[in-house]
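**Student:** missing the sequence, but the structure's below:
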Ligand code: SF4
């Protein structure tokens with residue numbers, strides 16, 4: 001293994017430890033928050049860009065539920081349970097503005113570990129209870145997440 005790959009692996013392991021600890025410390029509190037006070041942030045790189053019809057709203061997309069990727073299943077479950085909102089984000093920078101405007105009590109964030117660590121630190125500042133779900137395949141496009149694990153976290157109560 002070369003030095004760069006080694007460094008990336010050490011970083012990822014540290015991010016994972018940080019995230020696992022935060023998730024476990026907030027899981028009980030998260031389960032106690034009403035679905036209507038929870039939001040979900042999903043990265044746009046999970047979209048199936050070949051067929052995606054999501055509406056472009058500037059900083060984020062609104063899924064058109066075409067079932068071309070896992071986002072529609074996540075959004076459908078969130079809607080069924082009464083979640084406050086689901087955002088398909090173009091980048092992490094706009095999240096803080098959305099949190100300030102919408103004031104959710106809890107959020108679920110899906111992202112790569114690096115983005116997840118930054119997001120958890122941001123929500124901690126605003127005293128928002130957070131559960132982070134890491135992408136199982138990261139990158140700039142065609143990313144993926146464990147859908148069963150995601151649904152389990154969404155339905156926690
Ligand atoms: S399910 Fe939603 S986000 Fe996924 S490809 Fe279809 S419109 Fe786009």
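**Tutor:** Cool, the structure landed. This one's a predicted model, so the numbers in the text were calculated from it and none came from an experiment.

**Student:** could you pick out the longest helix of the chain?
**Tutor:** As assigned by DSSP state H, the longest helix anywhere in the chain is helix 3-31.

**Student:** from the contact counts, what lies against that one?
**Tutor:** helix 113-125, strand 129-134 (3 or more CB pairs under 8 Å, 6 or more residues apart in numbering; DSSP states H and E). All C-beta atoms are positioned from the backbone trio N, CA, C, and that covers glycine.

**Student:** which residues of the protein lie near the ligand?
**Tutor:** 47-48, 51-54, 63-69, 71-72, 88 (CB under 6 Å from any ligand atom).

**Student:** could you identify the buried members of these?
**Tutor:** 47, 48, 52, 54, 63, 68, 69, 71, 72, 88 (16 or more other CB atoms under 10 Å).

**Student:** and the angle from the lowest-mean-pLDDT helix or strand in the chain to strand 129-134?
**Tutor:** Within the chain, judged by mean pLDDT, DSSP states H and E, the helix or strand with the poorest mean is helix 3-31; its value is a mean of 85. Orientation of helix 3-31 against strand 129-134 (axes from the mean of the first three to the mean of the last three CA atoms, to 10 degrees) gives an angle of 140 degrees.
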